[in-house]
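Participant: Please find the sequence and the predicted model below.
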Amino acid sequence: MFLGILGLMLVGSLSGGSMLKGVLAAACGLLIDTFGMDNFTGMQRYTFGKLYLMSGINYIVAMIGLFGLSEAFVQLRDLRSVDVIKQKIGRLVPDWKQVVHFFPLTLVSSLIGIVVGALPGTGGDIAALFAYDTAKRTVKNPEVPFGEGALEGLVAPESANNAAAPAAYIPLLTLGIPGDTCAAIILGSLIIHGYNPGPTLMTKNPEILGIIVGGMILANLFLLPLGLSGIKIFAKIAEVPKTILMPVIIVLCTIGVYAINNSMVDIIVMFIFGILGYFMRRHKFPVGPMVLGIILSSLIEKNLRRTFSLCKTTPFFKLIFGSPLSTVLFLAIIVLIVVQIVPVKKLVKRFRHQ
């Protein structure tokens, strides 16, 4: 629960110029994720008698609509601006000065990704948002502002996302609890082949651990040369005219959404969120906080209601300070609240003096 609440503190960094619009978008995201059946009582909420809504709205479908489809609609709004920027690719291997310069940020973001990724039900999305917010708060005087091409805004979330993926195997291999969707697939594969992920896996089948770790090492070793060899090809995508590129993006978004559940309803939902995201962008409402609310809503609700049920037998104070992790998260929430309230008070004082 505290992790989800801590994630909502990112609204301030993702809101851009207007905090109020960011809070409204996040609140709408929290509301959207309440559609479907209640996980505790089985009652239907906001389903309007539709069978599809009983399972809720897939946040991946919403994300593709809000980010991908809405951006394509914005670009297609003015087809007269078809300027093609030629991509000039110099050296492929990064400058070692930049590697050394960004190493502390990479290390911190990777630690964030490991901690968040190891918590069941979080995944790389939340880890990337945490790392981006941390970089935005801690990096001073970047060469380019965040949101306009700052390299720190790329290094931090990518480092956290890459670290969160293998960290999701920690609860899977030790407790038998998948950390994210990919880990859940691996869990099913292991069970199908007769293995039981959990505490006994290390003693009965220790070779599985070596195979998984070896596969991760090989994947990361091959990722660098394959990525560097494809940079020049990937950069050519930016030279494709909008009249060709945007329809292709819309088609790929449609195919990707349909492949999730093989459902035409998912495509309709994606277009609804795409239109919603288009109007949000037109009226300067940030899309990020809404996606953040959709992702974190179920995490907050499940753990909040579980906490309320535990309070019947255990004091709330003991639940908060009963473990080091919950204590650290609770203190981090208090610190972030204070940090965000102080600038607001300063603005109010300046407004009164004027």
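Facilitator: Nice, I can see it.

Participant: rest of the way, CA atoms for contacts and neighbours
Facilitator: OK.

Participant: So which residue is dead centre in this protein?
Facilitator: Centroid check for the chain by CA atoms, centre = their mean gives Asp125 as the closest residue, at 2.1 Å.

Participant: Contact partners for that residue?
Facilitator: Asp125 makes contacts with Asn161, as judged by CA atoms under 8 Å, 6 or more residues apart in numbering.

Participant: The residue lying closest to Leu276 once chain neighbours are set aside: neighbour count?
Facilitator: Nearest residue to Leu276 in three dimensions, chain neighbours excluded: Leu66, at 7.2 Å (CA to CA, 6 or more residues apart in numbering). By other CA atoms under 10 Å, the residues close to Leu66 number 26.

Participant: ok, Leu66 to Met280 distance?
Facilitator: Applying CA to CA, to the nearest Å, the value for Leu66 to Met280 is 9 Å.

Participant: go on, Val328?
Facilitator: Note on Val328: its distance to Met280, by CA to CA, is 36 Å.

Participant: Same question for Ile170.
Facilitator: Ile170 is 38 Å from Met280, where distance means CA to CA.

Participant: Between the two, point out the one with more neighbours.
Facilitator: Ile170 (20 against 17).

Participant: Give me the nearest residue to that one, chain neighbours excluded.
Facilitator: Ala118 (5.9 Å).

Participant: Verify the contact between Ser297 and Ala27 for me.
Facilitator: No: contact criterion CA atoms under 8 Å: Ser297 and Ala27 do not qualify, at 9.5 Å.

Participant: So for those two, which sits in the more crowded spot?
Facilitator: The residue with more neighbours, out of Ser297 and Ala27, is Ser297; 23 against 18, by other CA under 10 Å.

Participant: Pull up the per-residue confidence for that one.
Facilitator: We note a pLDDT of 77 for Ser297 in this prediction.

Participant: Next up, the contacts around it.
Facilitator: Gly4, Gly29, Leu30, Leu31, Asp33, Thr34.

Participant: Dihedrals phi and psi, Gln44?
Facilitator: When read as degrees, to the nearest 10, the backbone of Gln44 gives phi -90, psi 140.

Participant: One more: Arg45?
Facilitator: With angles defined as degrees, to the nearest 10, Arg45 sits at phi -130, psi 120.

Participant: who's in contact with it?
Facilitator: Contacts of Arg45 (CA under 8 Å, 6+ apart): Thr34, Phe35, Gly36, Met37, Asp38, Met54.

Participant: Which member of these is positioned nearest Thr134?
Facilitator: Nearest to Thr134 among those, counting by CA to CA, is Thr34 at 28.4 Å.

Participant: give me every residue that touches the closest one.
Facilitator: Contact analysis of Thr34 by CA under 8 Å, 6+ apart lists Arg45, Tyr46, Gly56, Ser297, Ser298.

Participant: In helices, which of these fall?
Facilitator: Members of the contacts of Thr34 lying in helices (criterion: DSSP state H): Ser297, Ser298.

Participant: With distance to Arg305 as new columns, can the contacts of Thr34 be given to me in CSV?
Facilitator: Converted to CSV, the contacts of Thr34 look like this (distance: CA to CA, whole Å):
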residue, distance to Arg305
Arg45, 16
Tyr46, 19
Gly56, 18
Ser297, 12
Ser298, 11
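
Participant: now the strands: where do they sit in the chain?
Facilitator: Applying DSSP state E to the chain gives strands spanning 36-37, 44-45.

Participant: Quickly compare those and say which is most buried.
Facilitator: Most buried of these, by mean neighbour count (mean count of other CA atoms under 10 Å): strand 36-37, with a mean of 20.

Participant: who does it touch, helix- and strand-wise?
Facilitator: Judged by 3 or more CA pairs under 8 Å, 6 or more residues apart in numbering; DSSP states H and E, strand 36-37 is in contact with strand 44-45.

Participant: what about the strand it packs on, average pLDDT?
Facilitator: Averaged across strand 44-45, the pLDDT comes to 81.

Participant: again, but for stretch 332-341
Facilitator: Mean pLDDT, stretch 332-341: 66.

Participant: follow-up on the earlier one: mind listing what the residue nearest to Leu276 touches?
Facilitator: Met270, Phe273, Gly274, Ile275, Leu276, Gly277, Tyr278, Val287, Val291.

Participant: Tell me the buried residues within these.
Facilitator: Buried members of the contacts of Leu66, counted by 16 or more other CA atoms under 10 Å: Met270, Phe273, Gly274, Ile275, Leu276, Gly277, Tyr278, Val287, Val291.

Participant: Please produce a markdown table containing the residues you listed, extended by distance to Leu129 and pLDDT.
Facilitator: Formatted as a markdown table, the buried ones among the contacts of Leu66 follow (distance: CA to CA, whole Å; pLDDT from 0 to 100):
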| residue | distance to Leu129 | pLDDT |
| --- | --- | --- |
| Met270 | 22 | 91 |
| Phe273 | 21 | 91 |
| Gly274 | 21 | 91 |
| Ile275 | 24 | 92 |
| Leu276 | 22 | 91 |
| Gly277 | 19 | 89 |
| Tyr278 | 22 | 90 |
| Val287 | 13 | 82 |
| Val291 | 11 | 78 |
